[in-house]
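Visitor: Based on what follows, work out the 3D shape:
(one chain, ligands or ions: 1)
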Amino acid sequence: MSKFIINGRQPLGGQIKVGGAKNLALKIIPASLLSDQPIIIDNLPDIEDIKRSLEIIKSLGGLVDRQTDQCRIQTKNLATTIIPAELANKLRASIMFVGPILARMGQVSFPHPGGCVIGAGTRPIDLFLEGFRSFGAQIEFADGYYHLAAKQLSGANYFFTTISVTGTEALMMTAVLAAGQTVLENCAMEPEIVALADYLNSQGADISGAGTSTIIVNGVQSIGGGAFTVMPDRIETGTFALLAAASRCELLITDCFPDHISVLLNIFRKQGVNFERGDNWLKMLPSKNITAYSIKTHEYPGFPTDLQSPYTVLMTQAQGSSIVHETIYDRRLLFTDMLTQMGANIIMCDPHRVVINGPTPLHGRKLTSPDLRAGMAMVMAALIAEGKTEIDNIYQIERGYQQIAERLRAIGADIERVE
Ligand code: EPZ
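Guide: Residues are numbered from 1 along each chain as shown. Here you go, the predicted structure:
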């Protein structure tokens, strides 16, 4: 089992480049199955989840030619419509392959997706199944696999009773090849959804309304190939900004879109966190007193749940009391136990709310990363803590942050990756 060894309180600073958005790339790759033409993807992040996603393309019979951060995918001849369990169990986003295979091949089989421990129970997929059924798919469950079949998908009206990012993206993609018009209501509005729609429209799809709560898709017979560049990862951007604020350092964050984390920047202004910004860069500046500020996670453009855990670490260093209210996922606040062990003053009011009293000094501990974002939050806590921290289960971190140890060392961190 690999782990990180971190010696905290090293002076940090310098410059860090943001990678391509994981949660966009994980949709563009499955979307390649909608077309029998080759597609070329630039700025693909080099992370475990992307490797798993490309392995699924290969397991289906697709061709993948991966250079450094560019990838060519060709799915003209698919050999099977079964998504392999050993890959689906490691990747929640494996469910993004279901719609395109069903739309292209008329059938698909897949196991319940694994890979992410947060969220109600085993991360429900009821919205996906209801959506596919509304397109006319027959669904049965046997031998641990869902089996979906539909000669021809027909456009449908579907209302999301829970706002779901991947649910919105999955049904939007599938509707591209469904006959007739599809109206999706109460959709998620993340920037990655807009980018995905723009990409599909550039290939001949007819999608309007992405980025609003109502998306309309007029089905087409087929779409072409093309080239696509993955936009910067807004969660990496926000995470590095929060690390800089907590470690009171000057850090230039390049190749990012600060507009995609407006909610965090507006909170920084209220807290006295100093920064300067341009269209594609963000310069964090040392801040003396950071005032505590309560947040409630919310679908975009509200405070993103994926920045909740690094924000909670910052609140342990802020002056005063704050409430962090995690409204999207169960269990996404459980990692605060480890912050408490490191010296933070955190009271859990209920599974969705904690009160943090700061500032408190943190000291290093042995930790285990429960999920991707909590794992990165622990790295952040370890970097500002006194002494040595060991973090186990770092697969959960390397799923989403490419070469994170090297990149943090480049800004002054004392972090080693050991087997
Ligand atoms: C996406 O997950 C992201 N993952 C998550 O990022 C992110 O935290 C989340 O959106 C919210 O922003 C990817 O894009 C690959 P949801 P997603 O469906 O789409 C419930 C990370 O760290 N729900 O919007 O799976 C669900 O339980 C990951 O990069 C149903 O009830 O999240 C949750 O409570 C973590 N039924 C709520 O909806 C369903 O069928 C929102 O989940 C689907 C979801």
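Visitor: can you count the residues close to residue 167?
Guide: 24 (other Cβ atoms under 10 Å). Placement of C-beta: from N, CA and C, glycine included.
Visitor: Could you give the average pLDDT over the helix or strand containing it?
Guide: Residue 167 belongs to helix 165-175 when assigned by DSSP states H and E. The average pLDDT within helix 165-175 is 98.
Visitor: do the same with stretch 327-341
Guide: 93.
Visitor: From the contact counts, what lies against the helix or strand harbouring residue 200?
Guide: Assigned by DSSP H and E, residue 200 belongs to helix 191-202. Contact here means 3 or more Cβ pairs under 8 Å, 6 or more residues apart in numbering; DSSP states H and E; on that basis helix 191-202 packs against helix 22-31, helix 165-175, strand 207-208, strand 226-229.
Visitor: Please enumerate the helices of the stretch 101-250 of the chain.
Guide: Applying DSSP state H, counting those that start in this stretch to the stretch 101-250 of the chain gives helices spanning 126-134, 165-175, 191-202, 234-246.
Visitor: Sheet-wise, list the partners of the helix or strand following the longest one with their directions.
Guide: The reference is to helix 234-246. Proceeding N to C from helix 234-246, the next assigned helix or strand is strand 251-254, under DSSP H and E. If you go by DSSP bridges, strand 251-254 pairs up with strand 14-17 (parallel), strand 281-284 (antiparallel).
Visitor: Any chance you could give me the last one in PDB, C-alpha atoms only?
Guide: Pointing back at strand 281-284 there. The C-alpha coordinates for strand 281-284 follow below in PDB (Å, rounded to 0.1, in the frame of the first residue of the first chain):
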ATOM      1  CA  TRP A 281      -4.400  32.900 -13.500                       C
ATOM      2  CA  LEU A 282      -4.900  33.400  -9.700                       C
ATOM      3  CA  LYS A 283      -2.300  34.800  -7.400                       C
ATOM      4  CA  MET A 284      -2.800  34.000  -3.700                       C
END
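Visitor: for that strand, the distance to its chain's centre please.
Guide: Strand 281-284 sits 21 Å away from the centroid of its parent chain (Cα atoms, centre = their mean, to the nearest Å).
Visitor: Show me what it is in contact with.
Guide: With contacts defined as Cβ atoms under 8 Å, 6 or more residues apart in numbering, strand 281-284 is touched by 237, 240-241, 244-245, 249-256, 258, 265, 273-277.
Visitor: List buried members of the residues you listed by neighbour count.
Guide: Buried subset of the contacts of strand 281-284 (neighbour count, 16 or more other Cβ atoms under 10 Å): 237, 240-241, 244-245, 249, 251-253, 255-256, 258, 265, 273-275, 277.
Visitor: Just the buried residues of stretch 217-226, please?
Guide: Of the residues in stretch 217-226, 217, 218, 219, 220, 223, 225, 226 count as buried by neighbour count, 16+ other Cβ under 10 Å.
Visitor: re earlier: specify the stretch among the strands paired with strand 251-254 that is closest to the ligand.
Guide: strand 14-17 (18.8 Å; Cβ to the nearest ligand atom).
Visitor: what residues are up against the residue sitting furthest away from the middle of the chain?
Guide: Among the C-alpha atoms of the chain, the one farthest from their average position, using Cα atoms, centre = their mean, is that of residue 151, at 32.8 Å. The contact partners of residue 151, by Cβ under 8 Å, 6+ apart, come to residue 106.
Visitor: gap between it and the ligand?
Guide: Here residue 151 is placed at a distance of 25 Å from the ligand (Cβ to the nearest ligand atom, to the nearest Å).
Visitor: returning to what we had before: what's the most buried one of the strands paired with strand 251-254?
Guide: Each of those was scored by mean neighbour count; the highest is strand 281-284, a mean of 21, by mean count of other Cβ atoms under 10 Å.
Visitor: and the helix or strand following it, what does it pack onto?
Guide: Sequence order places strand 295-296 as the next helix or strand after strand 281-284, per DSSP H and E. With contacts defined as 3+ Cβ pairs under 8 Å, 6+ apart, the packing partners of strand 295-296 are strand 320-325.
Visitor: which of the residues in the strand it packs on are buried?
Guide: In strand 320-325, counting by 16+ other Cβ under 10 Å, buried: 322, 323, 324, 325.
Visitor: Quickly note the distance from the first one to residue 314.
Guide: Spelled out, it's residue 322. Distance check for residue 322 against residue 314: by Cβ to Cβ, to the nearest Å, it reads 9 Å.
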